[in-house]
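Novice: I'll drop the sequence and a predicted model, then ask my questions.
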Amino acid sequence: MPWKECHVEDERLRFVARLLDGEKMARLCAEVGISRKTGYKIFDRYKDVGLQGLTDRSRRPYRHANQLPLVIETTIVRLKREYPHWGAPKIRERLRRRCPDVQCPAISTVHAVLDRHGLVTRRKRRRYRAEGTPLSQAAQPNDLWCADYKGEFMLADRRYCYPLTVTDFATRYLITCDALATTQAAYAFTVFERTFRDFGLPRAMRTDNGPPFASGHALYGLSKLSVWWLRLGIQLERIRPGHPEQNGRHERMHLTLKQEATKPAAANTLQQQARFDAFLALFNEERPHQALEMRVPAELYVRSPRPYAGLTPLTYPLHDWTGTVTHCGRICDKSRKVNLSQVFAGQDVGVKQVDDHLWLVTFMDYDLGYFDDETCRLEPIENPFGPKVLPMSPE
């Protein structure tokens with residue numbers, strides 16, 4: 001049996017019909033679950049305008065306390081048509097000079113009026129497109145580490161395993177191989193922190209452009225993990241999208257790992273990790289490498305002389321003020337709210353005035369972009385990982 005559909009107008013009509021048949025208002029209102037005040041209102045509307053009075057009326061207020069006068073709105077639209085290349089700040093200033101006796105609306109109100117009349121041309125945001133970075137050819141241990149996730153595979157317990165691997169470029173030394181259940185950044189942080197404590201810090205880290213090493217939606221493709229690496233003084237190297245051969249040494253190690261430690265897959269994550277540990281010892285200490293003149297990586301690799309000591313506070317002595325990025329990715333100063341990126345949450349950035357109403361935002365010694373006092377919108381620069389423009393200290 002299908003559900004019975006009920007409409008408000010039909011229920012009101014039945015309510016009025018029963019009243020016209022002589023039923024009492026109080027008892028009928030209690031039966032349908034409305035107050036007597038509402039019942040009398042429905043009945044009075046029916047007596048005034050008939051069936052049309054049983055439909056819902058508009059809930060729009062009769063007047064708006066802060067509504068812009070029509071003459072001001074018309075003037076704003078006329079000024080925009082007169083000066084089509086002017087934005088809301090200039091239109092507002094022109095309105096203020098033409099009508100000095102009228103309270104001038106805010107810039108945001110002027111922009112809303114222009115937008116409502118279809119007079120705003122929306123610019124397409126310049127989206128970061130991964131292109132890779134210059135790649136070095138390290139010859140010494142710990143000058144360059146390579147990190148990546150080997151392709152996921154299913155264990156015997158029907159759960160997926162995502163091996164996170166790190167190797168030293170010069171010596172082929174397999175630094176770590178961890179069986180993880182996901183590629184989320186929180187788990188990668190744990191692995192890298194333990195690795196840095198055990199082996200020290202590299203000079204640079206080479207990865208692809210996928211998460212958690214990079215983010216296609218964040219500023220300059222950074223991620224929270226890569227920002228942490230920058231804070232530790234580790235330079236970023238990224239291969240070009242679709243060119244895994246630029247990280248060929250690491251990918252070749254993945255082939256050996258796949259052949260010797262994943263086929264067949266272990267019963268669960270713990271057993272698979274035991275296989276990875278055994279493979280790591282074999283790969284580093286027993287397996288000769290032709291590229292190393294048949295030596296093993298353990299004969300060439302030494303621990304990094306740069307110990308891991310956590311993060312040191314950031315200071316910007318050459319900037320006008322320092323702001324801490326909020327969890328939503330903003331820096332706030334008085335009435336200014338500038339959106340950066342959530343990957344910088346909790347980090348300190350320096351802000352320096354470079355021209356009238358124009359400010360430069362810097363993270364460490366990387367210039368991120370400019371914003372002005374009117375829009376407070378960050379405009380990224382081309383390459384913040386190029387030459388260092390503003391040093392962090394006078395030295």
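Specialist: Sure thing, it's come through.
Novice: make it CA atoms for all contacts and neighbour counts henceforth
Specialist: Will do.
Novice: can you tell me how far the closest residue to Y173 other than its chain neighbours sits from I107?
Specialist: In this structure, Y173 finds its nearest non-sequential neighbour in P297, 4.9 Å apart by CA to CA, 6 or more residues apart in numbering. Distance of P297 to I107, given as CA to CA, to the nearest Å: 64 Å.
Novice: The two: who's more crowded?
Specialist: P297 (22 against 18; other CA atoms under 10 Å).
Novice: Show the contacting residues for the more buried one.
Specialist: Listed by CA atoms under 8 Å, 6 or more residues apart in numbering, the contact set of P297 reads 171-173, 283-285, 288-289.
Novice: What count of nearby residues applies to K80?
Specialist: 19.
Novice: per-residue confidence for it?
Specialist: Note on K80: pLDDT of 92.
Novice: Would you check that it makes contact with R92?
Specialist: No: proximity of K80 to R92 does not meet the contact threshold set by CA atoms under 8 Å, at 10.1 Å.
Novice: For C376, grab phi and psi.
Specialist: Per-residue torsions, C376: phi 50, psi 40 (degrees, to the nearest 10).
Novice: let me redo that: F363
Specialist: Dihedral pair for F363: phi -120, psi 120, per degrees, to the nearest 10.
Novice: Tell me what it is bridged to.
Specialist: For F363, the beta-bridge partners are Y366 (DSSP bridges).
Novice: how about the nearest residue to S35, chain neighbours excluded?
Specialist: Spatial nearest neighbour of S35, chain neighbours left out: C29 (6.0 Å); criterion: CA to CA, 6+ apart.
Novice: what helix or strand is that neighbour on?
Specialist: Using DSSP states H and E, C29 falls within helix 25-32.
Novice: Now that helix: buried residues?
Specialist: By neighbour count on 16 or more other CA atoms under 10 Å, the buried set for helix 25-32 is 25, 28-29.
Novice: now swap in stretch 70-85 and tell me
Specialist: Under the neighbour-count criterion of 16+ other CA under 10 Å, stretch 70-85 has 72-73, 76-77, 79-80 buried.
Novice: what would these look like in TSV with secondary structure and distance to E237?
Specialist: Formatted as TSV, the buried residues of stretch 70-85 follow (DSSP: H, G, I helix; E, B strand; the rest coil; distance: CA to CA, whole Å):
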residue	secondary structure	distance to E237
I72	helix	55
E73	helix	53
I76	helix	51
V77	helix	50
L79	helix	51
K80	helix	48
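Novice: can you redo those residues as TSV with distance to R96?
Specialist: Output for those, formatted as TSV (distance: CA to CA, whole Å):
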residue	distance to R96
I72	11
E73	13
I76	11
V77	14
L79	12
K80	14
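Novice: Find the residue ranges of this structure scoring beneath the pLDDT cut-off.
Specialist: For the chain, applying pLDDT under 70 flags the ranges 1-5, 63-65, 123-128, 383-395.
Novice: could you redo the last one with a cut-off of 50?
Specialist: Regions of the chain meeting the criterion pLDDT under 50 cover residues 386-395.
Novice: Kindly report the domain assignment for it.
Specialist: For the chain, the structural domains run 8-54, 70-116, 145-299, 321-380, going by automatic domain parsing.
Novice: Between those, which one is closest to A309.
Specialist: A309 sits nearest to domain 145-299 of all these, at 8.2 Å, using CA to CA.
Novice: In PyMOL, how would I select just the buried ones from the contacts of P297?
Specialist: Applying 16+ other CA under 10 Å to these, the buried members can be selected in PyMOL as follows:
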select buried, resi 171+172+173+283+284
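Novice: nearest to A274, of the buried residues of stretch 70-85?
Specialist: Nearest to A274 out of those is K80 (CA to CA; 70.3 Å).
Novice: who touches that closest one in this structure?
Specialist: Residues in contact with K80 (CA under 8 Å, 6+ apart) are 86, 91, 114, 119.
Novice: What residues sit buried inside the helix ranked longest in the chain?
Specialist: Secondary structure assigned by DSSP state H gives helix 269-285 as the longest helix of the chain. Judged by neighbour count using 16+ other CA under 10 Å, the buried positions of helix 269-285 are 269, 272-273, 275-277, 279-280, 283-284.
Novice: Could you export those to TSV, including columns for distance to L368?
Specialist: Formatted as TSV, the buried residues of helix 269-285 follow (distance: CA to CA, whole Å):
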residue	distance to L368
T269	41
Q272	42
Q273	40
R275	44
F276	40
D277	41
F279	42
L280	40
F283	41
N284	41
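Novice: Looking at these, which is nearest N142?
Specialist: The closest of the buried residues of helix 269-285, once distances to N142 are taken by CA to CA, is N284, at 15.3 Å.
Novice: List the contacts of that closest one.
Specialist: N284 is in contact with 173-174, 296-298, counting by CA under 8 Å, 6+ apart.
Novice: farthest pair in those?
Specialist: Largest pairwise distance in these, by CA to CA, is 10.9 Å, between L174 and V296.
Novice: Nice, that's everything, thank you.
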